[in-house]
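[1] predicted model and sequence below, questions to follow.
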Amino acid sequence: MPTIDEILQSARQRLERLTADQVAQELEDGALVVDIRPIKQRRESGVIPGSIAIERNVLEWRLDPASDSRIAAATSHNLRVIVVCHEGYTSSLAAASLQDLGLSQATDLVGGVSAWKAAGLAVVDADPEE
């Protein structure tokens, strides 16, 4: 049986992972940046401006264009989706799962929101309505 480290390595081999600066540019160009962290982490650390929150347990249903539970933006398998988490581990697994659904442009942020903040990029408070 594979270990979680092996599964993570396999997932990352399929991804063209992005730096914080690359994610900032892609966000500006219209990519969908999806924050999968739990609300507690989003409230504690802030969120990337322009990102949307979809918690990990419903991610595939919200982004699969064929799902009755999809979000409005999930209209095509060609959608550019960049998944972010706290440090870039869970996001790699989630992005690989999205690729398994046919979202071939899915990837993640190396180092997660921690790397975003370390790069000096802005965060905002999480939506208090969440």
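    Yes, it's here.
[2] buried residues in stretch 28-39?
    Ala31, Leu32, Val33, Val34, Asp35, Ile36, Arg37 (16 or more other Cβ atoms under 10 Å). (Glycine included, C-beta is placed from N, CA and C.)
[3] do stretch 54-67 as well
    Within stretch 54-67, the residues that count as buried by 16+ other Cβ under 10 Å are Ile54, Arg56, Leu59, Glu60, Arg62, Leu63, Asp64.
[4] one more: stretch 45-55?
    Ser45, Gly46, Val47, Ile48, Ser51, Ile54.
[5] how about the helices in the protein?
    Along the chain, the segments classed as helices by DSSP state H run 4-14, 20-28, 39-45, 59-63, 90-100, 112-118.
[6] find the residue at the geometric middle of this protein.
    By Cα atoms, centre = their mean, the chain has its centre lying nearest to Val83, at 1.0 Å.
[7] from Glu129, how far out is it?
    22 Å (Cβ to Cβ, to the nearest Å).
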